[in-house]
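Visitor: Test case, fold it:
(5 chains)
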Amino acid sequence: MNASSSEILTQGLTVKLEADLDKNFGETIAREAHGEKLFGCIQCGNCSAACPLSVWMDYTPRKVIAMVRAGFKQEVLSNRTVWLCASCYQCTVECPKGIKITDVMYALKREAIENKIYPKNFPVPILARTFYSEVKRTGRINEIFLLTNYYLRYNIFKMLGYASLGVRLFMKRRLSLFEKGMTNRKEFRSMLNQ
Amino acid sequence: MAQDKPKLKLAVYWGAACGGCCVSVLDVHEKLLDILAHADLVFWPIALDIKYKDVEEMPDGSIDITLFNGAVRNSENEHMAHVLRQKSKILIAYGSCAYLGGIPGLANFSTREELLRRVYEESESLDNPQKIHPQPSTEVSEGHLHIPSFYNDVLTLGQVVDVDYYIPGCPPQSERLVEVFMDIVSGKDLPPKGSVIGASIRVQCDECKRKKSDKKGITRFYRPWEVTDDGETCLNEQGILCMGPATRAGCGVRCVEGNAPCRGCYGPLDGIGDAGARILSAIASMLDGKEPEEISRATDSIVDPAGTFYRFSLPGSKLRRKVS
Amino acid sequence: MKYLYYPGCSLKSSGKHYEISLLAVLQKLGIEVEELENWNCCGATNYMSINENYALEITARNLGIAEKQGGDEVIVPCAACFMGFLKTQKYMESESGIRDRVNQILNHSGLSYNGKVQIRHPLDLLVNQLGADALTRTVEMPLKDLKVASYYGCQLIRPYATFDDQWNPHTMDDIARAMGATPVDWPLKSRCCSGSMTSTMTDIGLRMNYVILKEAKSRGADVIITACPLCQFNLECFQGKISRKLKDDVRIPVMYFTQLMGLAMGIPAKKLGLKQMLSPSLVLN
Amino acid sequence: MPLTEQTKQDWSPRIVAFFCNWCTYTASDLAGVSRLRYAPSTRVIRVMCSGRIDPEFVIEAFTQGADGVLIGGCHPGDCHYSEGNYKCLRRYHLLQRVIAQMGIDQRRLRLEWISASEGKRLQEVVNEMTETLRQLGPSTIREVVQTVIK
Amino acid sequence: MPVNEEARVGFYICHCGHNIANMVDVTAVAEYAAKLPNVVLSRDYKYMCSDPGQEMIAKDVEVFKLNRIVVASCSPLLHENTFRTATSKAGINQFYFQMVNIRENASWVHEDKEMATLKAKDLVRAAISRVVFHKALEKKKVPVNPDVLIVGGGISGISAALTIANAGKKVYLVEKEPTIGGYMAKFDKTFPTLDCAACILTPKMSAVLKHPGITLLSYSEVSAVDGYVGNYHVKVTRKPRYIIEEKCVGCFACIDACIFKEAKFSDEFNEGLSKRKPVYIPFPQATPQVVLIDDKTCIHFKTGKCPQTCAKACDRNAFDFDQKPVVQELEVGTILLCTGFQPFDAARAPYYGYGRYSNVYTSLEVERLVNASGPTGGHVVLRDKSKPKSIGIIHCVGSRDEKTNKWCSRVCCMYSLKLAHLLKEHTDAEIYNFYIDMRTPGKGYEEFYDKLLNEGVHFIRGRVAEVSDWAINDHEKGKLVIRVEDTLIGMVRRIPVDMVVLAVGIEPGKDAQDIRRMFNISCSNEGFFLERHPKLAPVETFTDGIYIAGACQGPRDIPDSVAQAGAAAAQALALIDSGFVELEPNTAFITEELCCGCQVCINMCPYHAITFDDGKGKSHINEALCKGCGTCVAACGSGAITQNLFEDQQILSEIYGLLVE
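Guide: Below is the predicted model:
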């Protein structure tokens, strides 16, 4: 291969070489999302238009589907698009081809975490992981611990912006340090660790 | 009476049988004299003291007619079937058991082990703490004792030896026996080998005098004691399960005449491969209902359908026995 | 009919007034509920993002407990928990692989889920079972002239719920009407509130809540009612911040539908958790 | 259900399939025209109507070594001959009870309504039944019938 | 294996090009078959259905003295007749033939050649085992009644009726509505030529009425069908118009005289966009030109207290308030079903706001709006009488969607383009077309699209997610906002419009299932009538003598419907002119000697072909009525009933052959 020609061509933003694609990516995601029919997507864009968050995404959901099945793994996972999905399922219920797009997004999030490809210091995956380990540890969520741990991992200074709200809620007894938890956390953990 | 003709030699034997067939021979009453005018009985365990050894010593083909009743259930039955085949010119499977397996044939719903366990271990009237089962061969101080070995499968006579004719019935109607015998004596042309004789070519309904219509539409079956039979309508139309529509006539519709449903002892008509399947199909064709639940309700009201449809014919059926 | 009750984490903390008011309303209606013993978090959306197996297992554990506890139905008031429960039930029903694996895990704790316990949202119970007429009969102070915008959010009505029309939900409107109030027809009834994004992508989260508050207000609503602790939290607790940041006063009372019911049914404010609210309180005439 | 790796394994059950001419046989033609792949287990016998299927045919099939028997007819209310499928259904119900008593696993006999347009359904049914029979293993009925145990 | 000493079987296996040979080892099967009992000759050949293939059979019969033929190839539903004819030509009875389906049932559905070959061998063995017990039979010839019934008076039914009647045959045209014309009568212009629908349709409608060979039974429905190909017996229920059809001349004096001075009731013909009276005529060119009374809204029928001003106004005494439904019986030989479609109900797509927002219209409503004889006289105005300045046309409403109808409705792209053009012409509004894919495969269709692209109509590729009145700025206020991703740009757009047009798709008529049952034909999965073969027999059904044409068979535009109607008419005429039909001799008969008279069989027969002879005490099958299902055979406990071609012994041998080597 002539390395220099290739380099010159790929400098463009609108060029993608076959060699740089992950050809199995679509299959992997389809399997992960319970055999989701993403290969049946007709690119109608209903998901994008239905999505309340697509306006802030780097790619519209429709484009994500197209990229997934074509094998644009790096592009799909390395930006914040999938992390902006709030799981509202609007796209899923509207998709004319019955693609469970929310489940595809979940599969992409899991894939991103597994491959450690996601935007650096991006708050959404951090919250997800904090939430995940909190539940695994105690079986239930205590919002004080959850948010404290989240901000510790993400950016402690950001917490300051929420301090007054937290205090007010605490005063209203809507946040508590002593909420009754699960009694047999050990068994719960061992169930999950099977 | 043709005095110059030599008398025929006649044998009657019972395999796995209840004795009813032998009694049916006696039931010819005074006609027995007519028979004996033409034939000598050379072997009949129930009536004559002749040992197996005596039979074995008879020349081959020396018996003219043997009426073999009962199914083949053990090694003794089978042995005698072979012996009598060899000694007889005409071997007739006499009665439902020899023909299709009959009531003893219902044992084919169980295995040998199950039967022996039931009889020698579980029977309510039993005192057998050591759970001793009969053994074909036992060592006693006097020497070896042998009893016949008990088969796993009940067989029809036809499954063991070549049979010339079949006379169905449990037991066969005595009148039919006399007719068949007289036909042989008078030298009438015999039907082709393997035929069912002494019975009709049509089924019971042909002779049944009850009123029949095309209104079957059965929604459930009753056992005879659950309903009052009006005495004149087709029993099936009244929901009393009657095997008449697929059972060969010849008995004189005895059961139905006595207001009891036909149980199928005369077996199927010629060319019917599986008597049970045939009656099943005919009975199911009389059912009503379109919803699976309705249909189930009707079919579930038949107690023991396989035992009912194959009551006299299990060993002679396609499957022969319970298969697992 | 034995009703079990799964509160979920929010109803024990930031959504405490949902629990208080729900239980007060149910009690008034003579419906007894029994809290699920030693329940655990449903996993919400975050678990699905990390590990789907765990997500299904921890929810199935709650369902297993419900079955063991011998309930006919389990009432799940939190929209996210409700959806998670339905999703787990659906997956276990339709995929035998998942069913077998999850039950094997549950066996470890002496539990299993076989689809016997039905999952119910209180709205379903109140509107579809008791019926609007029965609710009207309990009203002591009809909420006359009160314009109510029902906000359903997302996971309460889709993708698995069948108790309401997912395109044009109406159960909360039915309740408002039964309480003597006037439901407001508005197009954002089931638009997403951004979920936890108010804590992560704050700017986006606030904007998403802004459009909802703004539209409800511009349609003349006096109050927004919700059935989801996260929706209620976002719309209520951030409305001040939104108004300041976007220089548009979108403050409006945001309460649980059960609180609204309680008011009409004459239940004292204290028993409805009204004191625990941050948004402007509803002034009743 | 697409053909799984499992259905391709060495042993393939033999299913005698009685299909009515108008619905299920046509569906199997449709499956063919649509190139829907399914397990090579069925051996179709065409009859004009499922009402023609005599229980004896089913028993004969088992006796001669079929691992399963599949009956396909028109949906209730859709029979080309008005109600033949109901007649079949009644016989099938009774026959199911009898074969169970005969020691034949009831899953070896299956009745399905498959309309002329349901090629896909045919594929699913055949694959499902094949899978079930795989789990049950080869039928030993023929061997039992042919081997007299004395 | 069962043996019949006299049978000399010739076996042939077809490669079908690669269709069979690729997946079934045909040589191995041929070699295997050669060794089977009774087989005298076994050959494989590239195309058995070709002339050389058929001639080969004839030659072999002569040389090898064959008397049974077995061909393993495709489905008997496709070529059984071909090979029966070949067998017959070879000089042996055509029923000494048996066909083995190793294409649809084997090579096309399997992936493992070894297994497919094994299966083919089993099937071949079964057929050979069966064919030796075949018997010589004769097909019964029955004359064909030359009269034809056509159900449905839309453009398909009208075209077919005229074609057949012009060939000199008698046609009964049954239409359930008060007038013929169908949906086409509602259209303004037709794509792509933009010629006026009424101008091309109404002459055809009046031709139907005037044609001496056509009996038009409007406002009537078929209520029962009996019989078989060539000899159908049909009952038609004529609904009461309360007007004596022969007397009414369509002067409309009664309508003017109706006690309702103002029209009050929703006018179906105008899609509810205008009102009519209880006594009315659907539209000015209705055929027949006969008024009718809607008994659900007429005061006389509701209260009995109407002065009957309408009847008094009629100088021809055409009114008869006591009319009852009348059943008319017809004898016909062939039947054409042209029962059409129904438009998708836009309320089933709630996200587009039909029924919630008054400015959301269906395409059919817009057809009426742009129509000069429509409710607004061809002026496109909204319900508040204002003229829209911007219009969004949403394609694929109800189509290509798993939640509603999965299929492409075929006509919507083109009629949306047509409406875009007409709306532009009428209003000069900004017009947006929202499409998923633009489908214009027809003569002059793509050219029409080209034309529209240059007419200033906007095309946005994307499926609209929602139509709502949620405005986020002043520009959107008071408008309907269409939310869509412009997928070619990759951005979500919000487009405010004054009017939304939903291009609703085509789906099977709501009575399609009832019609299917009544005429004993099948429906495909989606509910359209199923053709006998998708390519080779597109207008035939599995029931001989019954043909289908138009949108009852699938979404179809006018030119295609007319073409199909012609095809169906030609099929019917071909059958009629052949004079007779041959019936499959698969009837059942009772061997009287064995019949016991139990009468179990009698109820098995849906055609009352079995009767009981009280004198003989036996049942009897009327062969002419028997349709050959065989249900009675399985019911007979005596084995006294035999079905030709499906005898017990034949089927049992087939089972044996399948399983035992």
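
Visitor: Now do the contacts for the residue nearest the centre of chain B.
Guide: The residue at the geometric middle of chain B, judged as the C-alpha nearest the mean C-alpha position with Cα atoms, centre = their mean, is residue B:96 (1.3 Å). For residue B:96, the contacting residues are B:102-103, B:168-171, B:265-267, B:312-313, by Cβ atoms under 8 Å, 6 or more residues apart in numbering or on different chains. Yep, even glycine has a C-beta here, placed from its N, CA and C like the rest.

Visitor: rerun at 7 Å
Guide: Residue B:96 makes contact with B:102, B:168-170, B:265, B:267, B:312 under the criterion Cβ atoms under 7 Å, 6 or more residues apart in numbering or on different chains.

Visitor: taking these one by one, which sit in strands?
Guide: Residues of the contacts of residue B:96 located in strands (DSSP state E): none.

Visitor: what are the bridge partners for residue B:240, then?
Guide: For residue B:240, the residues forming beta bridges with it (DSSP bridges) are residue B:222.

Visitor: OK, contacts around it?
Guide: B:222, B:224, B:227, B:229, B:261.

Visitor: Would you write a ChimeraX line that selects the buried entries of those?
Guide: Here the buried members of the contacts of residue B:240 are turned into a ChimeraX selection, burial being counted by 16 or more other Cβ atoms under 10 Å in any protein chain shown:
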select /B:222,229,261
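
Visitor: any idea how far residue C:104 is from residue A:119?
Guide: Noted for residue C:104: a distance of 37 Å to residue A:119, by Cβ to Cβ, to the nearest Å.

Visitor: correct me, but residue E:321 touches residue E:300?
Guide: Yes - the pair residue E:321 and residue E:300 passes the contact test of Cβ atoms under 7 Å, sitting 6.1 Å apart.

Visitor: mind checking pLDDT for the residue of chain E found nearest chain B?
Guide: Nearest residue of chain E to chain B (Cβ to the nearest Cβ) works out as residue E:637 at 3.1 Å. At residue E:637, the pLDDT value in this model is 95.

Visitor: what's the answer for residue A:3, then?
Guide: The predicted local distance difference test score for residue A:3 is 57.

Visitor: Then the one 3 residues further on?
Guide: What the model reports for residue A:6 is a pLDDT of 67.

Visitor: Need phi/psi at whichever residue of the stretch 201-324 of chain B sits closest to chain E.
Guide: Going by Cβ to the nearest Cβ, chain E is nearest to residue B:246 of the stretch 201-324 of chain B, at 3.1 Å. Comment: the main-chain dihedrals of residue B:246 come out as phi -130, psi 20, following degrees, to the nearest 10.

Visitor: residue contacts, the closest residue to it other than its chain neighbours?
Guide: Ranked by Cβ to Cβ, 6 or more residues apart in numbering or on different chains and with sequence neighbours excluded, the top spatial neighbour of residue B:246 is residue E:637, at 3.1 Å. With contacts defined as Cβ under 7 Å, 6+ apart, the neighbours of residue E:637 are B:203, B:245-246, B:278-279, B:282, E:598, E:600.

Visitor: Next, the residue of chain E closest to chain B: secondary structure please.
Guide: Residue E:637 falls in the coil class when you classify it by DSSP: H, G, I helix; E, B strand; the rest coil.

Visitor: Look up how far residue B:247 lies from it.
Guide: 8 Å.

Visitor: hey, where'd the helices end up in chain B?
Guide: Remark: helices of chain B, listed N- to C-terminal, are B:20-26, B:31-38, B:52-57, B:75-87, B:96-100, B:112-117, B:174-185, B:254-257, B:275-285, B:292-300, B:305-309; assignment by DSSP state H.

Visitor: which stretch of helix or strand covers residue C:205?
Guide: Of the helices and strands defined by DSSP states H and E, residue C:205 is found in helix C:202-218.

Visitor: pLDDT averaged over that helix - what is it?
Guide: Per-residue confidence for helix C:202-218 averages out to 95 on the pLDDT scale.

Visitor: who touches that helix?
Guide: Looking at helix C:202-218 with Cβ under 7 Å, 6+ apart, the contacting residues turn out to be A:52, A:56, C:149, C:151, C:186, C:188, C:191-194, C:197-198, C:224, C:234-235, C:238-239, C:241-242, C:245-246, C:248, C:250, C:252, E:470.
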